[in-house]
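1. need the 3D shape of this:
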Amino acid sequence: MSRTLDHNSNPWVWSKCSRKHITNFLDKDFGYCLKQPSRRNNLEREKKKVSKYAGEFFDENEQCELVFGPGSSVCSYMPPCKRLWCSTPIGEEHGCKTQHMPWADGTACGDDMWCMRSECVKKSSGGRMAVDGEWGEWQSWSDCSRTCGGGIRKSVRECNNPTPANGGLYCTGDRLRYESCQTEDCHHGSDFRLEQCKAFDGNNFKMDDLPSWVQWVPKYSEIGEKDKCKLYCRVEYSSAYYLLASSVTDGTACGIDTFDMCVGGQCVPAGCDHVLGSSARLDRCGVCKGDSSTCLRESGSFNTSQYGYNFVVRIPAGASSIDIRQNGYFGRKKDDNYIAVRDVDTGEYLMNGGFILSMFKKSIQYGDVILDYTGSDTITERLNSTKPIRKDLVVEVLTVGALNPPDVTYTYLVSREKQVEYRWKTADRWSHCHRLCKGKKKSKPFCVKVEDGKESDADEHFCLYLPKPETVTKACNQHCRLEWVVTSKSNCSERCGAGQQRVRYKCIKILVDKTKAPVLTTYCRQELSPPVTVAKCEGTCEGIAWVFGSWSECSRTCGGGEQSRLARCQDKEGNVLEDEKCKRMTKTTHKTCGQEECPGWLTGEWSHCSASCGKGVRQRPYWCQQGEKTVVSSFCNPDEVPAN
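-> Down below sits the predicted model:
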């Protein structure tokens, strides 16, 4: 559809594109204003009138005024019929303009001539004969839009028998007809609107603030009545939502807590039997078209005060007319006790979880049921719903502050048929002793299914969030003890000196009567500290000794000298080893020698002077002595002879 006309525009018929858009627009009831009844039946009146063309009512100048305003007139120098060229109010000398539309059919264009489809023809050639349209046959039904839960199929007929022409009237009545199909309930409890949102997962529509891996979920709340059949989807874990499709698939419920369904983009009444126009409704037991005789009321209360979240009741799937109340302590609005409920599948709190309160009124979606909550800021806090829930609902009470006792009451309707109950049970079911000796064994609570008074074991999933008894433990296998015993030791890693050796053990069980029996080492590893498997040791040095060389000459003949010799560590095969291997044995490589006293000069007393006056001489004796004996002078140093 073009927004403007040009010289190529064909004004005589709708284009296929335009016809499709206007038909969809009207099929979705956006032209509802056209349905308003008129005080006069203009359609019947038009049928009775003699056919006249617009150009017979409005000449070319009047047509110009209709298009361009008062004072405009047809341009005299432009050819007639093809395009309506009009002057401005101040005259055609200032130019002419057109909207590319032809002159209206029936406009006079000469003597006994008029315009027909942009051509100037004789009136005697006759005008176009108007042909009113008539409906063709209904086409076959389409496939059902859903496989369960109430789908829609449609049939179409066209106004083509004959098709309206030359101003003839279009067919009146419904072009589309719908009927319900696949009306049985979906046993898996699917959310059809969720499936449609999920089809856009990973598509962020090139929006910069959305990740490429975006996940979509339905947006139910705060959607206007006229928009319930549009596909609004919310970014998961976010409050941001967007319109992803102008309409949902036929058969989609208009909302969470209704059986009305969307058909052709409009919300149409339907019953609980998923049939369009049906008046079928749920009875108070949640049974479609029931008589409220198939259920009974369950009720109870809870008033135990303990800090934190306390279990109240697990309401079973299928329960309807749920009503939970927490009455304020002595009529107080804020008594520090608050209702909390959680999803049995995920464990997540639907409200008042994480010690964060929802103070104001709100509606909570739980599967395909709406739970209405008054908010915590009230004397009587209340949570209620009407429709049957599809999965269990866990009810708790949050107690904080002054720990005033809560006053919780609950009531709901359940089927009179055999009710299934789950609960924890403790019994004489003991585990194996966790050790061979001096161990413990446990008796853990287990989940049981109670049906018609009979108990059977059930998966623990069914008992989640129910009060669970403590696990009981007791001693076992106290008649024995375990001990590591050495079985062998390897040779010392060193033949001589400090080394290491590997030690092997075995595990033995010692009974109270001292009887011993070998058992798997696994048991000792579980109960006892691991033994030392590598121990220190000393090599015996057998066959290893120092081998010495000859002594060197004494470094001095007297006065204390020293002699040395070489030594090497050697085994009995003659192999030279590291000195470290012989360190435990004495190694003598040095000794003293020449310890005799060295000879030296000794002197006697001086004699009397040879002259009594003047210059004289005196003498003394000297000799070479070694120890206590005098030796020849050659033994002493001649350079050290004393003055004599």
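2. how far away is the residue nearest to the spatial centre of the chain from A245?
-> In the chain, the residue lying closest to the centroid (Cα atoms, centre = their mean) is Y237, at 9.8 Å. The gap separating Y237 from A245 is 22 Å, by Cβ to Cβ, to the nearest Å. All C-beta atoms are positioned from the backbone trio N, CA, C, and that covers glycine.
3. now D59
-> For D59, the distance to A245 (Cβ to Cβ) stands at 49 Å.
4. same check, this time on P316
-> Between P316 and A245 the distance is 37 Å, computed by Cβ to Cβ.
5. more crowded one of the two?
-> P316 (19 against 15; other Cβ atoms under 10 Å).
6. quick one, phi/psi of T522?
-> Main-chain dihedrals, T522, degrees, to the nearest 10: phi -60, psi -40.
7. ditto for E573
-> Dihedral pair for E573: phi -90, psi 0, per degrees, to the nearest 10.
8. can you tell me how far it is from K16?
-> Per Cβ to Cβ, E573 is found 111 Å from K16.
9. next one: C492
-> Counting by Cβ to Cβ, the gap from C492 to K16 is 103 Å.
10. out of the two, which sits in the busier spot?
-> Using other Cβ under 10 Å, the more surrounded residue of C492 and K16 is C492, with 18 against 8.
11. buried set for stretch 136-145?
-> Going by neighbour count (16 or more other Cβ atoms under 10 Å), the buried part of stretch 136-145 is C144, S145.
12. an error on my part: the question was meant for stretch 308-321.
-> Residues Y309, N310, V312, V313, R314, I315, P316, G318, A319, S320, S321 are the ones in stretch 308-321 that count as buried (16+ other Cβ under 10 Å).
13. could you dump these to CSV with pLDDT and secondary structure?
-> Shown next, in CSV, are these (pLDDT from 0 to 100; DSSP: H, G, I helix; E, B strand; the rest coil):
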residue, pLDDT, secondary structure
Y309, 94, strand
N310, 94, strand
V312, 94, strand
V313, 93, strand
R314, 91, strand
I315, 92, strand
P316, 90, coil
G318, 87, coil
A319, 91, coil
S320, 90, strand
S321, 91, strand
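14. S634: which of these is nearest?
-> Taking Cβ to Cβ as the measure, S634 sits nearest to Y309 out of those, at 118.8 Å.
15. grab the nearest non-local neighbour of the closest one.
-> When the adjacent residues along the chain are set aside, Y309 lies closest to E396, with 4.8 Å between them (Cβ to Cβ, 6 or more residues apart in numbering).
16. and what of L296?
-> Closest residue to L296 apart from its sequence neighbours, by Cβ to Cβ, 6+ apart: R416 at 5.5 Å.
17. what do you get for I223?
-> I223's closest residue in space is Y232 (Cβ to Cβ, 6+ apart), at 5.8 Å.
18. which parts of this protein are helices?
-> 16-27, 42-48, 54-57, 60-68, 192-198, 521-527 (DSSP state H).
19. now tabulate these in a markdown table and tack on mean pLDDT.
-> Compiled in a markdown table, the helices of the chain are given as follows (pLDDT from 0 to 100):
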| stretch | mean pLDDT |
| --- | --- |
| helix 16-27 | 77 |
| helix 42-48 | 55 |
| helix 54-57 | 86 |
| helix 60-68 | 92 |
| helix 192-198 | 93 |
| helix 521-527 | 88 |
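20. indicate which one of those is closest to D260.
-> helix 192-198 (13.2 Å).
21. how far off centre is that closest one?
-> Mean-position distance between helix 192-198 and its chain equals 19 Å (Cα atoms, centre = their mean, to the nearest Å).
22. swap in stretch 455-466?
-> So, by Cα atoms, centre = their mean, the centroid of stretch 455-466 is 26 Å from its chain's centroid.
23. tell me the mean pLDDT for that stretch?
-> Taken as a whole, stretch 455-466 carries a mean pLDDT of 86.
24. cool, and stretch 105-113?
-> Rounded mean pLDDT across stretch 105-113 is 91.
25. export it as CSV, just CAs?
-> What follows is stretch 105-113 as a C-alpha-only set of coordinates in CSV (Å, rounded to 0.1, in the frame of the first residue of the first chain):
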residue,chain,number,x,y,z
ASP,A,105,-16.9,9.0,-13.2
GLY,A,106,-19.9,10.9,-14.6
THR,A,107,-18.2,14.3,-14.8
ALA,A,108,-19.2,16.1,-18.0
CYS,A,109,-16.2,16.5,-20.4
GLY,A,110,-18.1,17.8,-23.6
ASP,A,111,-21.4,17.7,-25.3
ASP,A,112,-23.1,14.4,-24.5
MET,A,113,-19.7,13.2,-23.2
